[in-house]
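>>> would you be able to build a 3D model of this:
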Amino acid sequence: MASLPAPPPQLPLIPGTALRMTSIGLVVDCLTCGVAVPVTICQSDRNGNAGKPMARHGPCGFFKWFPELFNYPEILARIPRSFPSPQLSAVPAMPSAVPAPSQSKRPQKRGPDCVRDLCRRPSALQCPEGKCAMHCTEDGGCTIHSAPILDDVTLDAEGFGYYHLHQALSQSLVADGLEAPPPLPAHVPSIHDLLTAPAPTIPPLASTSARLPSPARPSTTPVSRMSKPPRITSQLDPLWQQDLQQRAQKELESTRVAEQRKEIERKSKQCFVLNWFDDDNTPVKRQWVSDCPYFPFYQLADDPELVTALGENITKIEVFEDRLKEWIPASLSHPLTLESECHVFIRRYGIADCHNFDELYNTSKESMRPAHLRTNMKLNRDRLRTAINATKQSSPQLASEHVESSEVEIVDESSEVEIVDNTPVTPRPSTKALGKRPRWFSSPESSPAQSQTVQPPSSRPRLHLDLDFDFDSLRATSMSPTPPPSPSPVDSISSSDSLLLTHSTSSASSIDSGEPKAPSVIPVFIPSYKGKHVWPCSMYTIDMAAGFRQMDSLLLRQHYSQEVLFGLIFSVPFVRATYHVNRSAWANTKNTSLLLAHECAGRTLDGLWTCYLAARRDALGQTSKKKSVKSK
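Numbering: from 1, shown residues only. All right, here's what the predicted structure looks like:
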């Protein structure tokens, strides 16, 4: 290979270019990576560019034409030609038939990969270093690859166009009254020289290194290999830093306390009471056992210290089985099934009499029951039974206090009344309000003694009436279709109270002193209902007021429930909503004169309860409850 002719001593200035002459020829710096790219003559004439100087760097995609070199034929003659690209016309036509495998070309031999890191090129076959041609040349070459010899070519600043820039900058600074920059050096380094030059080392100043701390240098080791944890510098706020330390200590303390609490709670649940009988008629030895590593199972063989503390020569024991209620022999390795804070009874084998065993066993069962009444049925039943017995003991005392002022007592919730009298009576018709059970009445022929034997044996209270008071005549009068003559207003208002007083005084003489009595209930006048008419239809205001007074009597409410008392007074089924609406119209009235006027009207048309309700609605400005019939 012929060597290139020697470069001229000085390259003329070509405006708009950055060409320079080196040992490999005319080169230009790549604008992407800064590598020196040689200038060659294009040989391909596909686009009409044959013979034009160009610079091409394939890896970076850098490409540039230099038509200015046509003005310098002496320089253009020194530029080598580029490698010709294959032309389509030069490619021979392929035969139609596929050639035989024996006629194909042998594969080109390739050496192993280059030993340099991150290089995938094959190494040269004859290179003793095992490198590719480029890396071998860069590292100094070998016997096959010779290293390039760089010539020290000194170029002035005008060769790169720096002189014009420097001159323009100096003129602008002087025009602004500033100092001009220093002149350019004789040799200006290229971009390739700046990139490949080693970094200069700046030694630290001796005067400042002794006084000032050295700046923190970035560590080259990974974070995971740091020998020291990161520290909190003194630049933090002292108050914030103190608060942070206190919070960290509190969190650690709370975590430690929570773990300790869990451990104590676990140990408190994994314990039991051991009851040991060592000899006949000997007090029991009781001991808490909290060392139960296999809870809820336990063996005495796992705790030799406890066996030694219980007694000497303990080789066989007897365990009290709770389900069978028997003592069963067992060995020290017998597994005991435990519960939290349970009681285990064991004794030495051969003992027949355990001192005070029954009492200890019952006490342990009581302590094992839960304290809440919802989960402790036996304790709940015992307390209820105690409360019922206390009520039974106090009931005779309450009944004896009302013997002198009472006449009638209700039998029970079924509203049955027993009438004891020497006069012949007619049984009252059965109603729903008075219950569905059969009533017990005394027959006309039976004597008082016989009537007591006919009645069912029970502690039911009875209704005692005097001979002078004829209940049938009163009932017949109230049920008659023709109402009796209306009494005076004063007599009508106090009729129910005076009648109640008369019954209580008249019956007090015939009451046995030993039998408790209840206050009497006086039925009011009830009309005969037909069809859809129900209470309080056709009722009079005087009767409704008398009935409501008895319903509000504290003496009667102590002995009767509201439903039973309503049935005794009005003799009709009890409807809660209807009763409370009508009672509210009587008790909550503000116009008492209107109510008194309808009561004084007696059992007349003006004294009807419906008339009072209508007058009350008119006084309050309310409309009638009757719906108006639409005209067809």
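>>> alpha carbons only for contacts and neighbour counts from here, please
OK.
>>> can you report how many residues lie near residue 391?
Summarising burial for residue 391: neighbours were counted as other CA atoms under 10 Å, giving 11.
>>> measure it to residue 384 for me?
The gap separating residue 391 from residue 384 is 11 Å, by CA to CA, to the nearest Å.
>>> can you list the low-confidence ranges for the stretch 401-550 of the chain?
401-517, 531-532 (pLDDT under 70).
>>> all strands for this structure, in order.
Shown for the chain, the strands assigned by DSSP state E span residues 20-22, 25-29, 36-41, 53-57, 62-65, 272-277, 285-289, 297-298, 316-321, 326-331, 336-337, 342-348, 419-420, 463-464.
>>> can you tell me which of the ones you listed the model trusts least?
Of all the strands of the chain, the minimum mean pLDDT falls on strand 419-420 (a mean of 40).
>>> returning to what we had before: could I get the strands of the chain as JSON lines with distance to residue 130 and mean neighbour count?
Supplementary listing: those in JSON lines, determined by distance: least, CA to CA, whole Å; neighbours: other CA atoms under 10 Å:
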{"stretch": "strand 20-22", "distance to residue 130": "29", "mean neighbour count": "19"}
{"stretch": "strand 25-29", "distance to residue 130": "29", "mean neighbour count": "20"}
{"stretch": "strand 36-41", "distance to residue 130": "26", "mean neighbour count": "22"}
{"stretch": "strand 53-57", "distance to residue 130": "26", "mean neighbour count": "20"}
{"stretch": "strand 62-65", "distance to residue 130": "30", "mean neighbour count": "14"}
{"stretch": "strand 272-277", "distance to residue 130": "83", "mean neighbour count": "20"}
{"stretch": "strand 285-289", "distance to residue 130": "81", "mean neighbour count": "13"}
{"stretch": "strand 297-298", "distance to residue 130": "76", "mean neighbour count": "16"}
{"stretch": "strand 316-321", "distance to residue 130": "88", "mean neighbour count": "17"}
{"stretch": "strand 326-331", "distance to residue 130": "84", "mean neighbour count": "15"}
{"stretch": "strand 336-337", "distance to residue 130": "80", "mean neighbour count": "13"}
{"stretch": "strand 342-348", "distance to residue 130": "85", "mean neighbour count": "21"}
{"stretch": "strand 419-420", "distance to residue 130": "135", "mean neighbour count": "20"}
{"stretch": "strand 463-464", "distance to residue 130": "133", "mean neighbour count": "21"}
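>>> what residues are up against residue 535?
Listed by CA atoms under 8 Å, 6 or more residues apart in numbering, the contact set of residue 535 reads residue 572.
>>> check the gap between residue 31 and residue 64 for me.
Counting by CA to CA - residue 31 and residue 64 are separated by 10 Å.
>>> could you dump the strands of the chain into TSV and include distance to residue 238?
Formatted as TSV, the strands of the chain follow (distance: least, CA to CA, whole Å):
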stretch	distance to residue 238
strand 20-22	64
strand 25-29	58
strand 36-41	60
strand 53-57	61
strand 62-65	60
strand 272-277	53
strand 285-289	52
strand 297-298	56
strand 316-321	68
strand 326-331	68
strand 336-337	59
strand 342-348	56
strand 419-420	97
strand 463-464	94
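>>> would you tell me which of the ones you listed gets closest to residue 618?
Taking CA to CA, strand 463-464 is the member of the strands of the chain nearest to residue 618, at 43.3 Å.
>>> excluding its backbone neighbours, what's nearest residue 138?
residue 147 (7.3 Å; CA to CA, 6 or more residues apart in numbering).
>>> number of nearby residues for the one you found?
Using other CA under 10 Å, residue 147 is surrounded by 14 other residues.
>>> also residue 556?
20.
>>> same thing with residue 60?
Counted by other CA under 10 Å, the residues lying close to residue 60 total 12.
>>> ok, it touching residue 33?
Yes - with the criterion set as CA atoms under 8 Å, residue 60 and residue 33 qualify as a contacting pair; they are 7.2 Å apart.
>>> list the buried ones in stretch 117-125?
Going by neighbour count (16 or more other CA atoms under 10 Å), the buried part of stretch 117-125 is 121, 122, 123, 124.
>>> so residue 174 touches residue 180, yeah?
Yes - checked against CA under 8 Å, the pair residue 174 and residue 180 is within contact range at 6.1 Å.
>>> between these two, which is the more surrounded one?
Set side by side, residue 174 and residue 180 give different neighbour counts by other CA under 10 Å, the larger being at residue 180 (15 against 12).
>>> mind checking how far the closest residue to the more buried one other than its chain neighbours is from residue 185?
Nearest-residue entry for residue 180: residue 170, 5.1 Å, with adjacent residues in sequence omitted and distances by CA to CA, 6+ apart. With distances defined as CA to CA, the gap from residue 170 to residue 185 amounts to 15 Å.
>>> number of residues surrounding residue 24?
18.
>>> oh, I was asking about residue 378
Other residues close to residue 378 by other CA under 10 Å number 13.
>>> model confidence for residue 119, exactly?
Looking at residue 119, its pLDDT is 84.
>>> next: residue 569.
Looking at residue 569, its pLDDT reads 90.
>>> how close does it sit to residue 548?
In this structure, residue 569 and residue 548 are separated by 9 Å, where distance is defined by CA to CA.
>>> then residue 164?
127 Å.
>>> more crowded one of these two?
For the pair residue 164 and residue 548, the greater number of neighbours falls to residue 548 (18 against 12), based on other CA under 10 Å.
>>> my read: that one touches residue 583, true?
Yes - with contacts defined as CA under 8 Å, residue 548 counts as touching residue 583 at a distance of 6.8 Å.
>>> test my guess that residue 565 contacts residue 552.
No - because the distance of 10.1 Å does not satisfy CA under 8 Å, residue 565 is recorded as not touching residue 552.
>>> more neighbours: those two, which one.
The residue with more neighbours, out of residue 565 and residue 552, is residue 565; 23 against 12, by other CA under 10 Å.
>>> with adjacent residues omitted, what lies nearest to that one?
Here the nearest residue to residue 565 in space, its sequence neighbours aside, is residue 551; by CA to CA, 6+ apart that works out to 6.9 Å.
>>> ok, residue 353 next?
Going by CA to CA, 6+ apart, residue 353 has residue 280 as its nearest residue, at 5.1 Å.
>>> what's the distance between the one you found and residue 144?
113 Å.
>>> what does residue 297 give?
Residue 297 sits 87 Å away from residue 144 when distances are taken as CA to CA.
>>> for residue 126, which non-adjacent residue is closest in space?
With CA to CA, 6+ apart, the residue lying closest to residue 126 is residue 144, at 7.1 Å.
>>> right, I'll leave it there.
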